[in-house]
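In: Could you work out the structure for the sequence below:
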Amino acid sequence: MGVVFITPIRRGINSRDEDANNIPLNPISNGDSLQVQIHSVTYEAYSHLNLVAIQTDRPGGFQELFSTPLANVSTNISNLNKKGSKAVGFFNVSAVSRLGKRYIKK
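Out: So this is what the prediction gives:
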């Protein structure tokens, strides 16, 4: 708590609406509530999602002839039945930080 959000997140919270004279409008009215959540991702989950993105973002064309063939991205889920189907996907649990405030004009 008390740590300032990085700039893109901090700026993205508030709208940038302006009136007819290009004066910024206050995005919060009396009685409004604001809540921000930040969901963390483990390094392993990031790596898995990055590999999925690489596998699915294939531009095509002549260069595909020499590209690495598609394959299932590795998983951290296993089937206890050795003769059963292999799992596809990734299991991950991460933290969520949340801070909310209600705007009351005095």
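In: what residue lies at the spatial centre of the protein?
Out: His39 (7.3 Å; Cα atoms, centre = their mean).
In: quick one: that one from Val93, how far?
Out: The spacing between His39 and Val93, counted by Cβ to Cβ, to the nearest Å, is 11 Å. All C-beta atoms are positioned from the backbone trio N, CA, C, and that covers glycine.
In: returning to that earlier point: just give the closest residue to the residue nearest to the centre of the chain, not the sequence neighbours.
Out: Once flanking residues are discounted, His39 sits nearest to Val96: 5.2 Å by Cβ to Cβ, 6 or more residues apart in numbering.
In: cool, Gln37 as well?
Out: Arg98 (4.8 Å).
In: Which of the helices or strands spans that neighbour?
Out: Taking DSSP states H and E as the definition, Arg98 sits inside strand 96-102.
In: Quick check: Glu44 touching Asn76?
Out: Yes: judged on Cβ atoms under 8 Å, Glu44 makes contact with Asn76 at a distance of 7.1 Å.
In: Can you pull the residues that touch both of those two?
Out: Phe90 (Cβ atoms under 8 Å, 6 or more residues apart in numbering).
In: Show me what the helix ranked longest in the chain is packed up against.
Out: Counting residues, the longest helix found in the chain (DSSP state H) is helix 43-56. Helices and strands touching helix 43-56, as assessed by 3 or more Cβ pairs under 8 Å, 6 or more residues apart in numbering; DSSP states H and E, are absent.
In: Identify each buried residue in that helix, please.
Out: Residues Ala45, His48 are the ones in helix 43-56 that count as buried (16 or more other Cβ atoms under 10 Å).
In: same check, this time on stretch 26-36
Out: For stretch 26-36, by 16+ other Cβ under 10 Å, it's Ile28.
In: With adjacent residues omitted, what lies nearest to Thr75?
Out: Leaving out its chain neighbours, the residue that sits closest to Thr75 by Cβ to Cβ, 6+ apart is Ala87, at 5.1 Å.
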